[in-house]
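[1] Sequence and predicted structure, then a few things I'm wondering about:
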Amino acid sequence: MVVSWRFLNNCLNKDFVNGLLSCQSKSHHWALLQRSNRSLALLLLNTLRASCIYSSGYFELQLIEVQNANGELSDGDCCDGERNTQDLRCSSDECDTYFRVCLKEYQTDVTTKGSCIYGTGSTNVIGGNSFQFKSAKNNQNRNNDGGKIVIPFQFAWPVSYTLIVEAWDWDNGTHSSSGKYSRLQQTIQYNGLTASFEYSIRVRCDENYYGSKCNKLCRPRDDWHGHYVCDQLGNRGCMEGWMGTYCTTAICKQGCNLLQGACHAPGECKCTYGWQGPFCDSCLPYPGCVHGTCVKPWQCTCEKNWGGLLCEKDLNYCGTNKPCKNGGTCMNTEPDEYNCACPDGYSGKNCEIAEHACVSNPCANGGTCHEVPSGFECHCPAGWAGPTYTDECLSNPCAQGGTCIDMENGFECLCLPQWAGNTCQIDANECMGKPCLNAYSCKNLIGGYHCACFRGWAGQNCDINVNSCHGQCQNGATCKVGNCYVCACSPGFVGRHCDIQRNSCASGPCRNGGRCHTLLDGFVCECPHGNLCSPNPCQNKAQCHSLMDDFYCACPDDYEGKTCSELKDHCKTNPCEVIDSCTVAVATNGTQEGVWHISSNVCGPHGRCISQPAGNFTCSCEQGFTGTYCHENINDCVTPPCKNGGTCIDGISSFKCFCPDGWEGTLCDMDVNECSRNPCKNGGRCVDLLNDFYCQCQDNWKGKTCHSRESQCDSSTCSNGGTCFDHGDTFRCTCLSGWGGSTCNTAKNSTCDSNPCENGGTCVGAGDAYTCICKDGWEGYNGGVCVDGVNWFRCECAPGFAGPDCRINIDECQSSPCAYGSTCVDEINSFLCVCPLGRAGPRCQEWIGKACRYSGLQFPHGSRWEEECNTCQCVNGIVRCSKVRCGRRPCLLQRGGAGPDSSALCPRGQECVEHQFLTCFAKPCHQWGVCSTPDPPLPLHTQCEPNSGYLDNSCARITLIFNRDKVPQGTTVENICSELRYLPIAQTLAKDCTLLILCDLSYSNSDAVEVAMVSA
């Protein structure tokens, strides 16, 4: 195919023509230029534009292959010697080939004269008549010094330039190729009359230089002037913990109050004068303030019962110190002062002087009072003792709901969490424990506290996201989202989050001392046992003795423990003598011989020892145990009985199967019918799947359960933290790492793959967590390591776990590390922030742009998609599409029951219809139609038409000449024109201007198609 063109500069320019040829790998128009010194120059005509600013880079030319089979120069003479008179071949010696390159300004008419102002370079002699560089041919990106010419430059690389490549014999003439090129990497094949060679060219920017002209400088740095790296386009990207145009502003510690604190390095929170605390949210009180607090710096607001300038005066001396003795009543008179009203028989400042001590009848429970010099003494009746046996709790001294504990000569108050002091009269400052999570501040109240929540958060501790269903509704409740969320509680639960269980026991329905237990929808009474020994809780034939609210087991000599269930080690407290392997003699005073023969327990609790000759023994094991000492539990899981991936847990002569999600039954052989709960609403038909279900909705109902008219998505559509996207007739779930399936209900990798359980424990995986079921004698969870000591042990927990047995998974989300309303998902020793649209980064701290809505769908910032022949992009909430007029797309008509070609289907909502005016280029074309459109095509008002000869600043014309033998049958002119509209270079050109492409058969050449391009 030969291409020729004419053009004028406007929105449509030379870039489009060059891009068209480059993208479609079309042939080029070649012209020949003869040189006088026996050389042949080949000129490739291809035009682009240029501009210059400071930059740095390299122009590289890589030879791929040289073919000069007969060793001839461009004028036909031999490189060395004369031709053979018989076969006319140059046989004396091969050419000594080397190459020279010249770069100069763009020239309309290329000439080899003049200086190479952009640079020049050459090779040494690199071969003879024919040679090639295979690595360069197979992999053009591979660095190959052989046959490579590198020309450095220190200016903005021009978009158009002239390149002259010359192949020289060391002592003769040259073959040359010259042309005008763009910056795109290209491979050029030159075919002359006597020789041919192939080479590739490219422009490579120097380090820290970017852009099409290598004139964009971006040098990564991490110092006082900035903290950033550079992406592949030369744009700055801030390092973690920094923000701003030049990444010079540090991101302070999460939660740091920036009005009262600041930071110079990421993660810091340095308080201004007058503030303190890890988040600079606590004020400094006045120096010397004893029992006072502050809201602003240097205040001293006294706590309850304290006064004075520094809150050092006790206003409730009686409550704090209780100075009055012997039942005296204390009365506060002024700060740090009091009076005692003494009972009859006592006097003194603190009623410490006994005058007639027995007047107040201090002896309880019928005791007789006798006055003595020191006061009085009580003579108690039988069964009683103590000085007075006075119950100090009878006067209810504990305030604010505190519980009184009577003690000898005093009492102790167990206060509710919001109260403190000896009699629970001092208000505790709950804000000291920082209970508020997502709040501006915490305010201490009398008997409580108040959290001033950030917008969007609620609850006593500001721990409830009012706009999110995630994790809000408890105890199986269903969450519904409107302006805010509402929890539909399961039976037996109430409260906004269904976290309060109805207390059916509040009315005390159980009689005769029975204990009431609340159920989901009622209660059950646990009646007291009249005799704790019935039935007998004692084991190993021990006798039970009933006590008041307890029982006692009289154990046989070989057993001990509360229920006589443990074998007794007699040798721990008495000297022992081994008789044989089964019998031990224990010293005792209970027999005439002074010894007592007992079992050695060598066979443990699951075996019976049988003595053998020569001191040997054997163990007769109970069912389910084996081994020399009957210490091994027979593994009933050796032949895996559990089906469908179930985990087998060995028992004693038994086993138990833990089934994966979607299976049930003793052997995990029964598929759970997820349709049994009738999840599909509004007439939808339920289809049972493995660990899931699918609802076939009727009458335009939508959603996972056919519950909505508006949207396919709700809070429960995608499981395990997945995000739901509404796509019209269906939905799509984007799952968190580790989850898959249409609704994110399938774990991709088992948490048990790493074999986390030690000492033979069995791992049971469940989603992103696991549980270790330990063998007898081993404990511990989640990879904890047991450290054994003398009569003690401790568990060293793996990172992310805590507790005495490492059972507790530390909630890394407790500190609210995720910013800007994102959702924190707790993981093992880490956390994952699920960012809202427009946010990114490990803590969602990076603003990446606002999302876009287009045709009812939502697209994140920066995403691209195709819209017919145009490309659209979301840029910070704004949709920007190229402006190519696509026209009605050709399609294959469906004839005779045959379906259309899948590559020629119409867009959704359109159908293929006949068109009477399609122009056939290669017959037959009767099978072609056009896609229908709901709106009529826009009228065309332009003089720039094919075959018209019209040209102006907004009009260009191209003639495409085809080889008819290679054109597929059934090709129409509209097919060719449609393909041109879908080229990427057409979308690039139509970024700012509307582009109209028209095609028609050429009036002057039956093998050509005339193309007119109009920009507006």
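    Noted; the coordinates are in hand.

[2] so how far is residue 467 from the residue positioned nearest the centre of the chain?
    With distances taken as Cα atoms, centre = their mean, residue 832 lies nearest the centre of the chain, 4.2 Å away. Distance, residue 832 to residue 467, by Cβ to Cβ, to the nearest Å: 20 Å. The C-beta positions use only the backbone N, C-alpha and C, and glycine is treated the same way.

[3] Counting neighbours, what do you get for the nearest residue to the residue nearest to the centre of the chain once chain neighbours are set aside?
    Excluding its sequence neighbours, the residue lying closest to residue 832 (Cβ to Cβ, 6 or more residues apart in numbering) is residue 825, at 4.4 Å. For residue 825, the count of nearby residues is 20 (other Cβ atoms under 10 Å).

[4] Residue 825 sits in which helix or strand?
    Using DSSP states H and E, the element containing residue 825 is strand 823-827.

[5] Show me which residues of the helix or strand following that strand are buried.
    Counting by DSSP H and E, the next helix or strand C-terminal to strand 823-827 is strand 830-834. Under the neighbour-count criterion of 16 or more other Cβ atoms under 10 Å, strand 830-834 has 831, 832, 833, 834 buried.

[6] which secondary structure elements does strand 830-834 contact?
    Here strand 830-834 touches strand 823-827, going by 3 or more Cβ pairs under 8 Å, 6 or more residues apart in numbering; DSSP states H and E.

[7] and the buried residues of strand 830-834 as JSON lines, adding pLDDT and distance to residue 671?
    Shown next, in JSON lines, are the buried residues of strand 830-834 (pLDDT from 0 to 100; distance: Cβ to Cβ, whole Å):
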{"residue": "831", "pLDDT": "90", "distance to residue 671": "35"}
{"residue": "832", "pLDDT": "90", "distance to residue 671": "32"}
{"residue": "833", "pLDDT": "91", "distance to residue 671": "37"}
{"residue": "834", "pLDDT": "85", "distance to residue 671": "32"}
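
[8] what's the farthest-apart pair in those residues?
    Spatial extent of the buried residues of strand 830-834 (Cβ to Cβ) is set by the pair 831 and 834 at 10.3 Å.

[9] what is in contact with the two at once?
    Jointly contacting residue 831 and residue 834 under the rule Cβ atoms under 8 Å, 6 or more residues apart in numbering are 818, 824, 825.

[10] check contacts around the last one.
    The reference is to residue 825. Contacts for residue 825 (Cβ under 8 Å, 6+ apart) come out as 721, 736, 813, 831, 832, 833, 834.

[11] who are the neighbours in contact with residue 881?
    Residue 881 neighbours (Cβ under 8 Å, 6+ apart): 867, 870, 871, 872, 873.

[12] could you redo the last one with a cut-off of 10 Å?
    For residue 881, the contact set (Cβ atoms under 10 Å, 6 or more residues apart in numbering) comprises 854, 865, 866, 867, 868, 870, 871, 872, 873, 987, 990, 991.

[13] Same check on residue 485?
    By Cβ under 10 Å, 6+ apart, the residues touching residue 485 are 464-470, 472-473, 479, 496-497, 715.

[14] out of the residues you listed, which are inside strands?
    Within the contacts of residue 485, residues falling in strands by DSSP state E are 464, 465, 479.

[15] burial count for the first one?
    Right, residue 464. Counted with other Cβ under 10 Å, residue 464 comes out at 19.

[16] likewise the last one?
    Residues near residue 479, counting by other Cβ under 10 Å, number 19.

[17] so where do the strands sit in the stretch 601-750 of the chain?
    Under the criterion DSSP state E, counting those that start in this stretch, the stretch 601-750 of the chain contains strands at 607-611, 617-621, 625-626, 632-633, 647-650, 655-658, 663-664, 670-671, 685-689, 692-696, 723-726, 731-734, 739-740, 746-747.

[18] With residue 617 as the reference, measure out to the residue nearest to residue 832.
    With Cβ to Cβ as the criterion, residue 825 and residue 617 are 58 Å apart.

[19] which residues of the stretch 1-150 of the chain score low on pLDDT?
    1-55, 92, 134-144 (pLDDT under 70).

[20] Same question for the stretch 251-400 of the chain.
    Applying pLDDT under 70 to the stretch 251-400 of the chain picks out residues 356-357, 359-360, 373-375, 382-391.

[21] show me where it has strands.
    Along the stretch 251-400 of the chain, counting by DSSP E, counting those that start in this stretch, strands occupy 261-262, 270-271, 275-276, 282-283, 292-293, 301-302, 306-307, 313-314, 329-334, 337-341, 346-347, 353-354, 368-372, 375-379.

[22] ditto for the stretch 901-1016 of the chain
    Under DSSP E, counting those that start in this stretch, the stretch 901-1016 of the chain gives strands at 912-913, 920-922, 928-931, 955-961, 971-972, 995-1001, 1008-1015.

[23] still on that earlier bit, for the residue nearest to the centre of the chain, list the residues it contacts.
    Listed by Cβ under 10 Å, 6+ apart, the contact set of residue 832 reads 721, 736-738, 812-813, 818, 822-826, 842.

[24] possible to save the strands of the stretch 251-400 of the chain as TSV with distance to residue 683?
    Supplementary listing: the strands of the stretch 251-400 of the chain in TSV, determined by distance: least, Cβ to Cβ, whole Å:
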stretch	distance to residue 683
strand 261-262	59
strand 270-271	63
strand 275-276	63
strand 282-283	60
strand 292-293	63
strand 301-302	65
strand 306-307	70
strand 313-314	75
strand 329-334	76
strand 337-341	80
strand 346-347	87
strand 353-354	90
strand 368-372	88
strand 375-379	85
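
[25] ok, how many other residues are close to residue 882?
    Residue 882: 22 neighbours (other Cβ under 10 Å).

[26] tell me the contacts of it?
    By Cβ under 10 Å, 6+ apart, residue 882 lies in contact with 866-867, 869-873, 984, 986-995.

[27] Tell me the buried residues within those residues.
    Buried residues within those, counting neighbours by 16+ other Cβ under 10 Å: 869, 870, 871, 872, 873, 986, 987, 989, 990, 995.

[28] Turn the residues you listed into JSON lines, columns for pLDDT and distance to residue 958.
    Compiled in JSON lines, the buried ones among the contacts of residue 882 are given as follows (pLDDT from 0 to 100; distance: Cβ to Cβ, whole Å):
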{"residue": "869", "pLDDT": "87", "distance to residue 958": "18"}
{"residue": "870", "pLDDT": "89", "distance to residue 958": "21"}
{"residue": "871", "pLDDT": "90", "distance to residue 958": "22"}
{"residue": "872", "pLDDT": "92", "distance to residue 958": "27"}
{"residue": "873", "pLDDT": "89", "distance to residue 958": "28"}
{"residue": "986", "pLDDT": "88", "distance to residue 958": "12"}
{"residue": "987", "pLDDT": "86", "distance to residue 958": "17"}
{"residue": "989", "pLDDT": "86", "distance to residue 958": "13"}
{"residue": "990", "pLDDT": "88", "distance to residue 958": "16"}
{"residue": "995", "pLDDT": "91", "distance to residue 958": "13"}
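
[29] Specify which member of the contacts of residue 881 is nearest to residue 338.
    Nearest member of the contacts of residue 881 to residue 338, counting by Cβ to Cβ, is residue 854, at 78.9 Å.

[30] wait, the closest one sits on residue 864?
    No - assessed by Cβ atoms under 10 Å, residue 854 is found out of contact with residue 864, at 11.7 Å.

[31] about what we covered before: compare the contacts of residue 485 and tell me which has the most neighbours.
    Counting by other Cβ under 10 Å, residue 473 has the largest number of neighbours within those, with 24 neighbours.

[32] For it, give its distance to residue 438.
    Distance, residue 473 to residue 438, using Cβ to Cβ: 19 Å.

[33] so what's residue 291 up against?
    Counting by Cβ under 10 Å, 6+ apart, residue 291 touches 300, 302-308, 310-315, 426.
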